[in-house]
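>>> quick check, what structure comes out for this input:
(2 chains)
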Amino acid sequence: MKRRKFDLASVPGKTAKGVDERLQVATPLRGLLNKVFPDHWSFLLGEIALFSFIVLLLSGVFLTLFFDPSMKEVAYEGAYPALRGTEMSAAYESSLRLSFEVRGGLFMRQMHHWAALLFMASIVVHMARVFFTGAFRKPREANWAIGIALFLLGFLAGFTGYSLPDDGLSGTGLRIASAIMLSIPVVGTWLSASIFGGEFPGELIIGRFYIAHVLLIPGGLLALISVHLGLVFKQKHTQWPGPGRTNSNVVGERMFPRYALKQGGFFMTVFGVICLLAGLFQINPIWLFGPYRASEVSSASQPDWYVMFMDGLVRLMPAWQIDIPIGDGYVIPPLFWPAVVGLGALTTVPMFYPWIEARRTKDYRSHHILQRPRDAPERTGLGAMAFTFFVIATLSGGNDVIADKFHISLNAMTWAGRIGLVILPPLAYYLAVRICLGLQQHDREVLAHGAETGIIKRLPNGQFVEVHQPLGPVDDHGHPLPLDYAGWVVPKKMNRLGALAPAVKGFFFPVEKPVEAPVSPAVPPVAGRDQREEITSGR
Amino acid sequence: MTVTKDDQHGSGRKPVDLSDPRLSRFEIVKEGARRDDIEIVTYESQFAGPNTKAEKRVERAIALLFLLAGLLGLVFLVAYIWWPWEFELGHTNSDYYTPILGISLGLALLAVGFGILSWAKKLLPHEVSIQDRHEAMSTDEDRQITGQTALFMVDELGVQRRPLLRGAVLLGLAPLGLVAAAPLVGGLIKSPHKPDRGEKSPMFNTGFNADLNEGKPVRLTREDGTGVRPEDVSVGGQITVFPGIPGGATNEFADSPTLLIHLRAGDAEVARKAAESDERNKGAMWGNYVAFSKICTHAGCPASLYEQQTNRLLCPCHQSQFLITENARPIFGPASRRLPMLPITVDAEGFLVAASDYRETIGPDFWERP
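Numbers count the residues shown, from 1 in each chain, chains lettered A, B, ... in the order given. A predicted model of the protein is given here:
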């Protein structure tokens, strides 16, 4: 029998051909590898959320291997001496065991918690980026709404997550959650009794929160994140205005190799930062809080930062109780307004903002070019208003700590929060709009007159004038010809115009000979596709 | 489809013959991009020529980063395995276990990340590509066809023409839909007013209900179950008490923790006057002692910070403040309802007992509170 010669070099090619014959992937794969992504640092904020979510899934799976979601009372006999002999739930006991008696368990727990904080933080910052640059406009309204839903799901994931250890702090959080359910008119007591399986705290809630936290909510998050990314992929990313960039193209880098590589490196960086946080900064030291006791709470009990705005609103709410004098009398407690109506409104009304804005501006076109915040002053003002509201509410969530550290009266802090919540957001709106208009005006001014050179010239008549460097061509008298605003940064300083060479690279010694000043710093010259467009229109 | 695209871009440019052996790999890539409506406008090396000193330097730096990552990874493994990690009381080496893991793994990942990033940003050529967005809307014809197809399906089913079927399907499927929800709702739903101990709804009674103690008044006890005598609480002092029944101090009676306060004589006089003039709190004091529910009427946290000088009780969760000498009326913060008062007295053996259960509803407010 004659053995055929085995040609190793042809294996990959043959395999690839075989795969393509069966699945027909070559053409779509080429498109995928070639897909162009626009690049800007602010487009990476959402990625931080995605990457922290991956870390959350990985570290969370580890935690489930050791956590026991049971409320059975046990006596602690573990490694932490201060709590030995204390009666506690099995959930708390297993969380302590995870922290003290599992090798690297505390590290993983802290990694999970830090990743959760970073997840929510990057969602908020990413949302702000999308809002202030108008990236939510048609055709991306649905993705904006999904983003808000992701925030709400993340909020619930966080709350169910830090309720699980059943320590003193998380039990207090559960107590408040039960009170919030109770405050709902008509169905409140039924809702609370159904969720807790009877009167608070019952024996079921940790198990129920557990399945919500490890299956239901992450499932929802995963599904929504997939749709979110799928839509970004399908609709292609927005881009900043710039040379050659139009509403009908994407200028950037192809996905492979550079863009994908950068994403990979960025993931590792985010992961690394989470590890550093997890190793160096203690978070939620549950062993200090002890098991949950209905009679115990310490001052400075704060939830995680993304829940603090709600806690702050609850603190600021005046004691306005509504009595309904029918029969035995019915009550709507003040807690209902900030915690149920407030949270509900704050997480659903913003979902509709893209449609509200389109209706208000009567702008129903598709937008793929981002706006600088200054070019949409009302929107920016509204964002500043929302941001101010959020910050005041969040600070009020910790107003007892602020009062304590800065020796301010606690009641004064509450009143400052109440008044601030009403007065400061409109003020922020006004200031933001004025600043936007001022910035716009300055851009137009530089476009019309040129950049300041810092050179003062004395005229023969003794008058001093500053010499301006026109940004474009000049007329016969040396006056700059008017330039149109292109929606992007106007160079306002001489060294941005190439008057100075860019800084020499290198830390201890120059890396290379300093180059001559380029024509257009930072942005490589890009030509549009004039030729192609002409041909298309000629057909 | 590819062919039309070729026509669009190919004119003015010769179509690339892929079988041409002189073609460089990049030219093939460029042709591929062109077929996807992508034009690679700039693709230039960041270095003046091949093998410049600068390129070598960047290469060395990246190599160093990866080697560093490997080293730090080893540090992590060594520390993970051999560093003393089991918790010991006091200041020991095991305190550094988590920080060492965090620093070594964090820096290792950062090194990998920076290595990859510098590879992409410093070594790979600069690129500017332009891709058509192709937000080509479906043509009106296509929309019409799809719409008609959808309507055709409805027509074929004949839902419009067959009202009997339509009604039958609705009537047939609606209960089935409810069946899907029934086990979830039915399994979870629980009446808040179903009596589980004593006769009354658990919403309205606590562990101080005498029914739980075979009809005898329930003692006020400490967490360990020992009774409290009046002389155990000094003047101006306070103590958290629980119902003296089995499990009274556990979370099973989460609504029962009570704050027992021994008021100073002057304050007690004011408090007594306030209590006596109140219909519900009449006779609830015993001597200079008052007992109020510790469960905040706002959100249910224990209102546990007692300010002796002003007789105010502060809830640390949302800063509701209650004035003890005026029937624990809320005087600041979001709470709208006073703390319920527990009527107390002293039994034959000299221990403080609850004369009866609370006369008002404990804890956070709700709709049907009488």
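
>>> quick check on residue B:146: phi, psi?
phi -60, psi -40 (degrees, to the nearest 10).

>>> how about residue 308, what does it touch?
Picked chain A for this. If a contact means Cβ atoms under 8 Å, 6 or more residues apart in numbering or on different chains, then residue A:308 has A:302, A:393-394, A:397-398 as its contacts. Using the backbone N, CA and C atoms, a C-beta is placed for each residue, glycine as well.

>>> other chain: chain B
residue B:236.

>>> in the stretch 151-300 of chain A, which spans are strands?
Taking DSSP state E, counting those that start in this stretch to define them, one finds strands in the stretch 151-300 of chain A at A:249-254.

>>> wait, I meant chain A
Assigned by DSSP state E, the strands in chain A fall at A:36-37, A:73-75, A:87-89, A:249-254, A:322-324, A:330-332, A:451-458, A:464-469.

>>> quick one, which of the ones you listed is nearest to chain B?
strand A:36-37 (3.8 Å; Cβ to the nearest Cβ).

>>> mind giving me the packing neighbours of that closest one?
The helices and strands touching strand A:36-37, judged by 3 or more Cβ pairs under 8 Å, 6 or more residues apart in numbering or on different chains; DSSP states H and E, are strand A:249-254, strand B:126-132.

>>> and it, which strands flank it?
Under the criterion DSSP bridges, strand A:36-37 sits next to strand A:249-254 (antiparallel) in its sheet.

>>> between the strand it pairs with and strand B:126-132, how big is the angle?
If you take axes from the mean of the first three to the mean of the last three Cα atoms, to 10 degrees, strand A:249-254 sits at 140 degrees to strand B:126-132.

>>> and for strand A:249-254, what's in contact with it?
Contacts for strand A:249-254 (Cβ under 8 Å, 6+ apart): A:33-39, A:236-237, A:239, A:242, A:244-245, A:259, A:368, A:526, A:529, B:33, B:38, B:40, B:127-133.

>>> emit the PyMOL select command for whichever of those are buried.
To isolate the buried members of the contacts of strand A:249-254 in PyMOL, using 16 or more other Cβ atoms under 10 Å in any protein chain shown:
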select buried, (chain A and resi 33+34+35+36+37+38+39+236+237+239+242+245+259+368+529) or (chain B and resi 33+38+40+127+128+129+130+131+132+133)
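
>>> check the nearest residue to residue A:212 once chain neighbours are set aside and give its pLDDT.
Leaving aside its chain neighbours, residue A:212 sits nearest to residue A:160 (5.1 Å; criterion: Cβ to Cβ, 6 or more residues apart in numbering or on different chains). pLDDT for residue A:160: 96.

>>> for residue B:364, grab phi and psi.
Here residue B:364 shows phi and psi, under degrees, to the nearest 10, equal to phi -60, psi 150.

>>> still on that earlier bit, mind listing which of the contacts of residue A:308 are in helices?
A:393-394 (DSSP state H).

>>> farthest-separated two in the contacts of residue A:308?
By the measure Cβ to Cβ, A:302 and A:393 form the most distant pair in these, at 13.0 Å.
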